[in-house]
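Colleague: take a look and give me a structure for this.
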Amino acid sequence: MSAKHRLYRVTFMNQGQVYEIYAREVTHGGGMLGFVEIGKLVFGEKTTVVVDTSEEKLKNEFADVERFYVPVHAVVRIDEVSKRGPARIVGGVDGGSKVTPFPVYNFGGDAKK
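Modeller: Numbers count the residues shown, from 1 in each chain. Presented below is the predicted three-dimensional model:
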């Protein structure tokens, strides 16, 4: 598969939910240490008759986004795939997902002395 036609399935945590999206570009965050840069998102064709509501929700959420950055600890997995599946929100922490988020520590003022 040529670099121009590479396709990635990116699974990541976002506000307690597991997102699964498809993109043509996935790189380290460039100048943003600790982030994964995701660009050229790929969604289903607008000509299809069957409408997947979860994919439509994600398409609307990322409508004007050219690229976005995900913290490395929020990335569950990145796969290079040969064909696109549906972009979807798989589940969440309370939604029956088998994905457990990486613990986030508060280094601020909540610690008791």
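Colleague: from here on, just use CA atoms for contacts and neighbour counts.
Modeller: OK.
Colleague: which parts of the helix or strand hosting residue 70 are buried?
Modeller: If you go by DSSP states H and E, residue 70 is part of strand 67-71. Buried positions in strand 67-71, judged by neighbour count with 16 or more other Cα atoms under 10 Å: 69-71.
Colleague: adding pLDDT, write the residues you listed out as TSV.
Modeller: TSV is the format used below for the buried residues of strand 67-71 (pLDDT from 0 to 100):
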residue	pLDDT
69	94
70	94
71	94
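Colleague: any idea which of the residues you listed is closest to residue 10?
Modeller: The nearest member of the buried residues of strand 67-71 to residue 10, counting by Cα to Cα, is residue 70 at 10.3 Å.
Colleague: so how far is residue 44 from the closest one?
Modeller: Remark: distance between residue 70 and residue 44 (Cα to Cα, to the nearest Å) = 22 Å.
Colleague: parallel or antiparallel, which strands does the longest strand belonging to the chain pair with?
Modeller: Secondary structure of the chain read by DSSP state E shows that its longest strand is strand 17-28. If you go by DSSP bridges, strand 17-28 pairs up with strand 7-14 (antiparallel), strand 35-42 (antiparallel), strand 88-92 (antiparallel).
Colleague: mind checking what secondary structure residue 83 has?
Modeller: Assigned with DSSP: H, G, I helix; E, B strand; the rest coil, residue 83 falls in the coil class.
Colleague: wait, residue 59
Modeller: helix.
Colleague: in contact with the spatially closest residue to it that is not a sequence neighbour, which residues?
Modeller: Excluding the flanking residues, the one nearest residue 59 by Cα to Cα, 6 or more residues apart in numbering is residue 43, at 6.8 Å. By Cα atoms under 8 Å, 6 or more residues apart in numbering, the contact list for residue 43 reads 22, 55, 59, 86-87.
Colleague: from the residues you listed, which one has the minimum pLDDT?
Modeller: pLDDT across the contacts of residue 43 is lowest for residue 55, at 85.
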